[in-house]
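Novice: show me the folded form of this:
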Amino acid sequence: MRAYLLFLLFVTLTYQGYSQSCATPIVVDFSKTADTAVTISGNRSGNCCSGSNCISFTVKVNPSTSLINFNTDQLCGSCFYTVNCGPLTPIGTPACISGLSTIQISFCKPGNNFIDYTITAIKGSSTSGNLKLRQGCTGTMSVSGLLPQSVTWTSIYPGATGAYNSYLSQTSGTSVNVTPAVGAPAYIDYKATGSLSTICSGTENDTVRVYTFSPLAVNITPANPLICPGTTTTLTATPTGGSAPYTYSWSTGETTPSITVGTAGTYTVSVNDQITNCGPVTKQATLSIITTVAPTASSATICSGNTATLTATAPGGPYQWYNAATGGNLLSTNSTYLTPVLSATATYYLQTTNSGCNSSRTAVTVTVNPNPPKPNISP
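Specialist: Numbering: from 1, shown residues only. Below is the predicted model of the structure:
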């Protein structure tokens, strides 16, 4: 017997010797749940379905229940129960009740001692549940409770029956793969049809809905990051498609949509959505640092009270002349710089700009020599 017990409700009913007829059965309500069970304690004192020393139950059945089983807590070599006074069914063996809303179970056995009777309602078939899939991603649908060799699958919505069977790996068997193509409808209903078992004649249907989402993709901006030495930039992952919210995993270990980086190299982000069986997508961005070349310029030597002309010789402008190694005042943006009249040695600093990045500064020294003394001229 399949284990379909969702809960077990114990009810104790006491009969004190009066004769129970089939006209006054014990009522069991299974109408709210397809898979459930109840255990009832009672004695047998009525006549039902041409039997004597019987106990009977009226069971209200859920529309999805297809099988009923009846058992006792005492060993019984040759005991049977009936459904609606039909053929004798060995206890512990399910009986088909597909399509019925109310049934009557009768059990007869010599004696009238109190024993426990367990009635179990069994849903005929059940599926693996609805699926969420990205288009182009594969998932699995399955059905249980049907004879494997009898099961067939077909799409029933949208469009004509079978319109989306091409997405299936096969159309028979208890388990099939489904791969919605890019551009598939927002959802597709697939029906599994098959025989419940050798107990029940006819077929039963169950439906799986496959929700589809556009393929997941991710871009990183900026796509080709380029920064100046000593600076940083922000890389931002932007996903599209799939089923939000998204999760992020960077090669740096960070899990935010954006990260700040300043070291040259390749950075990878892995992005996933809420569709657990399709897997993440990845994207890479390579950060480059602009190489700057410090300019060159020759130092100069002058006599006190003169100016000096300093000239940058490489690597090419634009150039900037400063009076300090860092910060300071911008003195000129020409390739040459004419110093003011100097009376002492001074140092100037030259930098250039490469692709928008400033190079380090080169020190250019003007050495100022004292003027020779004036000669004495005797009359």
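Novice: for Ile188, helix, strand, or coil?
Specialist: Using DSSP: H, G, I helix; E, B strand; the rest coil, the structure places Ile188 in strand.
Novice: now do the same contact list for it.
Specialist: Counting by C-beta atoms under 8 Å, 6 or more residues apart in numbering, Ile188 touches 155, 157-158, 164, 167, 180, 209-210, 212. Backbone N, C-alpha and C define where each C-beta goes, glycine included.
Novice: ok, Leu67 next?
Specialist: Leu67 neighbours (C-beta under 8 Å, 6+ apart): 94-98, 121-122, 124, 196-197, 199-200.
Novice: need the worst-confidence member of those.
Specialist: Among these, Ser197 carries the weakest pLDDT, at 71.
Novice: can you give me the neighbour number for the closest residue to that residue other than its chain neighbours?
Specialist: If the residues on either side of it in the chain are set aside, Ser197 comes closest to Leu147, at 6.3 Å by C-beta to C-beta, 6 or more residues apart in numbering. Using other C-beta atoms under 10 Å, Leu147 has 14 neighbouring residues.
Novice: pLDDT wise, what is Leu147 at?
Specialist: Leu147 is given a pLDDT of 88.
Novice: wait, Gly317 sits on Thr336?
Specialist: No - assessed by C-beta atoms under 8 Å, Gly317 is found out of contact with Thr336, at 10.8 Å.
Novice: coming back round to it: which residues touch the residue nearest to Ser197?
Specialist: Shown in contact with Leu147 (C-beta under 8 Å, 6+ apart): 194-198.
Novice: try 7 Å
Specialist: 194-195, 197 (C-beta atoms under 7 Å, 6 or more residues apart in numbering).
Novice: what do you get for Thr292?
Specialist: Contacts of Thr292 by C-beta under 7 Å, 6+ apart are 229, 354, 357-359.
Novice: still on that earlier bit, measure the residue nearest to Ser197 to Thr127 for me?
Specialist: As defined by C-beta to C-beta, to the nearest Å, Leu147 lies at a distance of 15 Å from Thr127.
Novice: same question for Asn219.
Specialist: In terms of C-beta to C-beta, Asn219 sits 37 Å off from Thr127.
Novice: more neighbours: these two, which one.
Specialist: Thr127 (18 against 13).
Novice: give me the beta-bridge partners of the more buried one?
Specialist: Bridge pairing for Thr127 (DSSP bridges) gives the partners Val143.
Novice: next: Leu226.
Specialist: Beta bridges link Leu226 to Ser288 when assigned by DSSP bridges.
Novice: kindly report the same for Trp250.
Specialist: When assigned by DSSP bridges, Trp250 has beta-bridge partners Val269.
Novice: please shift the residue numbers so they start at 769 in all later answers.
Specialist: With the count now opening at 769, the last piece we talked about shows up as Trp1018.
Novice: got a list of what it touches?
Specialist: 1027, 1035, 1037.
Novice: how deep is Ser1066 tucked in, by neighbour count?
Specialist: Taking other C-beta under 10 Å as the neighbour definition, Ser1066 ends up with a count of 9.
Novice: between the contacts of Trp1018, which sits nearest Phe882?
Specialist: Nearest to Phe882 among these is Val1037, at 68.9 Å by C-beta to C-beta.
Novice: circling back to that earlier point, please convert the contacts of Ile956 to a markdown table, extending it with pLDDT and neighbour count.
Specialist: What follows is these, written out as a markdown table (pLDDT from 0 to 100; neighbours: other C-beta atoms under 10 Å):
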| residue | pLDDT | neighbour count |
| --- | --- | --- |
| Ser923 | 98 | 23 |
| Tyr925 | 98 | 16 |
| Pro926 | 98 | 12 |
| Tyr932 | 98 | 24 |
| Tyr935 | 98 | 21 |
| Pro948 | 98 | 23 |
| Arg977 | 98 | 15 |
| Val978 | 98 | 22 |
| Thr980 | 98 | 24 |
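Novice: can you tell me which of those residues end up in strands?
Specialist: Per DSSP state E, strands hold the following members of the contacts of Ile956: 923, 925, 977-978, 980.
Novice: can I get those residues in TSV with distance to Val806?
Specialist: TSV is the format used below for the ones in strands among the contacts of Ile956 (distance: C-beta to C-beta, whole Å):
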residue	distance to Val806
Ser923	39
Tyr925	37
Arg977	32
Val978	36
Thr980	42
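Novice: isn't Pro948 up against Leu901?
Specialist: Yes - using C-beta atoms under 7 Å as the test, Pro948 is close enough to Leu901 to be in contact (5.7 Å).
Novice: shared neighbours, these two?
Specialist: Residues touching both Pro948 and Leu901 (C-beta under 7 Å, 6+ apart): 978, 980.
Novice: thinking again about what came up before, closest one to Ser799 out of the ones in strands among the contacts of Ile956, please.
Specialist: Distances from Ser799 to the ones in strands among the contacts of Ile956, taken by C-beta to C-beta, are shortest for Arg977, at 25.3 Å.
Novice: got the contact list for Asn1074?
Specialist: Shown in contact with Asn1074 (C-beta under 7 Å, 6+ apart): 1109-1110.
Novice: per-residue pLDDT, it?
Specialist: Value for Asn1074, per-residue pLDDT: 96.
Novice: that one and Thr1081, how far apart?
Specialist: 22 Å.
Novice: now do Thr1044
Specialist: Taking C-beta to C-beta, one finds Thr1044 at 64 Å from Thr1081.
Novice: try Ser1067
Specialist: Distance from Ser1067 to Thr1081, by C-beta to C-beta: 12 Å.
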